[in-house]
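Chemist: structure for the following, please:
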Amino acid sequence: MDKDNSSSNNKRQRTSFYANKTILAPMVRVGALPMRLLALRFGADLVYTEEIIDFKLLGARRFVNEELGTVDYIDASGAVFFRTCEEEKDRVVLQVCFVLPVLLLLSLALLLSYDSFSNIQSRSELIARNGRSERQRL
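Modeler: Model prediction:
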């Protein structure tokens, strides 16, 4: 398969992933598990997590919370910064903000070794802060 054809197929797959779907779009401070579950129960096909910084994922401790039926990611201070459960499996889009691509890859390798997500969206911290890519800034 030539490169142009492969690129076209990948674009079609990404587009069809979102086609004809009801989605709880990413919103600041409203993407926690209770809201995501509520949206799914009221008909959303996909839900987004709040944006998670790669450093938090790297330093996280994964805890299976049998009492709640969740998987919790806990930071160094003991606070739960991300929680997921079986009900949203394969219907949650994980958003990760990164500074260095290598940190993104390390944090995702850690996370994906345990849990599955329907999609992962990432963006550079430079884009998050400045609204433009590093290349555009130069």
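Chemist: wait, Ser107 touches Asp54, no?
Modeler: Yes - contact criterion Cβ atoms under 8 Å: Ser107 and Asp54 qualify, at 4.5 Å. All C-beta spots, glycine's among them, are computed from the backbone N, C-alpha and C.
Chemist: what do the two both touch?
Modeler: Residues within reach of Ser107 and of Asp54 at once, by Cβ atoms under 8 Å, 6 or more residues apart in numbering, are 96, 98.
Chemist: report pLDDT for Lys56.
Modeler: pLDDT recorded at Lys56 is 84.
Chemist: that one belongs to a strand, doesn't it?
Modeler: No - under DSSP: H, G, I helix; E, B strand; the rest coil, Lys56 falls outside any strand and is assigned helix.
Chemist: what number of residues lie near it?
Modeler: Lys56: 18 surrounding residues under other Cβ atoms under 10 Å.
Chemist: what does the particular helix or strand that has Asp72 in it contact?
Modeler: Assessed by DSSP states H and E, Asp72 sits inside strand 70-74. Contacts to strand 70-74, defined as Cβ under 8 Å, 6+ apart, come from residues 33, 56-57, 60-65, 80-85, 111, 114-115.
Chemist: list only buried entries from those residues.
Modeler: 33, 56-57, 60, 81-85, 111 (16 or more other Cβ atoms under 10 Å).
Chemist: so Leu68 is in which element?
Modeler: Here Leu68 is assigned to no helix or strand, by DSSP H and E.
Chemist: show me the contacts for it.
Modeler: Counting by Cβ under 8 Å, 6+ apart, Leu68 touches 83, 85.
Chemist: what about Phe42, how many neighbours?
Modeler: Neighbour count of Phe42, defined by other Cβ under 10 Å: 9.
Chemist: now the element after whichever strand or helix holds Leu40, going C-ward?
Modeler: In this structure, Leu40 sits in helix 33-41 according to DSSP H and E. Using DSSP H and E, the helix or strand that follows helix 33-41 towards the C-terminus is strand 46-53.
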